[in-house]
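Peer 1: Here is my input; please provide its structure:
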Amino acid sequence: MPDGGGHQHLVAGLDLGRHTGYALVGSRGEVIDSGRWDLGSGGRVGQPYLSLQARLQSWLVPPADASLFVAYENVNFMAMKDGYRASQRWGGYEGIVTAFCERHKIRYSSAGPSTIRAQVMGKGKGHAKKPEVWAYCERLLGRRVATDDEADAILTGLWGTTLLESRA
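Peer 2: Numbers count the residues shown, from 1 in each chain. Sure, this is the predicted structure:
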């Protein structure tokens with residue numbers, strides 16, 4: 001979705017967690033970069049948050065002729081066995097991402113996994129399981145996707161491009 005002056009819009013898709021999936025997606029849905037960051041789980045409590053902040057600082061640097069939009073998956077942890085602790089950690093990651101975006105004047109949005117999956121994979125796919133999401137991303141890209149975190153980030157980045165299209 002370059003504008004008339006050749007300015008490109010990029011979407012950074014994030015699947016937040018100790019193993020954060022990331023994907024940089026162009027406005028035409030092309031995946032430019034993707035993978036997973038291991039933010040660490042041992043040591044000091046704040047270390048994973050500092051690690052995420054450093055990764056964002058080095059990775060989210062758009063070229064001069066591009067603007068950036070951040071999309072991230074918003075997960076309801078209360079349904080999970082360790083919901084309380086997981087939701088506290090996830091809230092910290094979300095705080096790092098949103099503060100980073102605010103500081104750098106980057107637009108951002110989030111949605112639940114079922115919303116993202118339905119909008120990208122199609123009607124009836126909102127409750128697709130991780131292996132189906134993973135296989136979908138591999139078929140779409142024509143290459144191996146290393147982890148389910150990376151697959152979720154790719155899907156989230158693609159969802160972000162649909163938001164930009166709807167707002168254009």
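Peer 1: can we go C-alpha only for contacts and neighbour counts from here?
Peer 2: Fine.
Peer 1: the helices in the chain, which residues?
Peer 2: Ranges of helices in the chain, per DSSP state H, are 47-59, 83-103, 113-121, 130-141, 148-167.
Peer 1: pLDDT wise, what is S58 at?
Peer 2: Looking at S58, its pLDDT is 93.
Peer 1: I figured W159 hits M121, correct?
Peer 2: No: counting by C-alpha atoms under 8 Å, W159 stays clear of M121, with 9.5 Å between them.
Peer 1: of those two, who's got more company?
Peer 2: W159 (27 against 19; other C-alpha atoms under 10 Å).
Peer 1: what sits against that one?
Peer 2: Residues near W159 by C-alpha atoms under 8 Å, 6 or more residues apart in numbering: A71, I116, Q119, V120.
Peer 1: Name the stretch among the helices of the chain that sits most buried.
Peer 2: Mean neighbours per residue, mean count of other C-alpha atoms under 10 Å, is largest over these for helix 148-167, with a mean of 24.
Peer 1: Show the average pLDDT along it.
Peer 2: In this model, helix 148-167 has an average pLDDT of 90.
Peer 1: and if you look at stretch 27-42?
Peer 2: 89.
Peer 1: Give me the buried positions along that stretch.
Peer 2: By 16 or more other C-alpha atoms under 10 Å, the buried positions in stretch 27-42 come out as S27, G29, V31, S34, G35, R36, W37, L39, G40.
Peer 1: Quick check: the farthest pair among those residues?
Peer 2: Distance extremes for the buried residues of stretch 27-42: the farthest pair is S27 and G40 at 31.6 Å, using C-alpha to C-alpha.
Peer 1: Nearest to H127 among the contacts of W159?
Peer 2: Using C-alpha to C-alpha, those come closest to H127 at I116, 9.9 Å.
Peer 1: my guess is that closest one meets I154, correct?
Peer 2: No: between I116 and I154 there is no contact under C-alpha under 8 Å: 10.6 Å.
Peer 1: My guess is N74 contacts G112. True?
Peer 2: Yes: applying C-alpha under 8 Å, one finds N74 in contact with G112, separated by 4.8 Å.
Peer 1: Cool, thanks, talk later.
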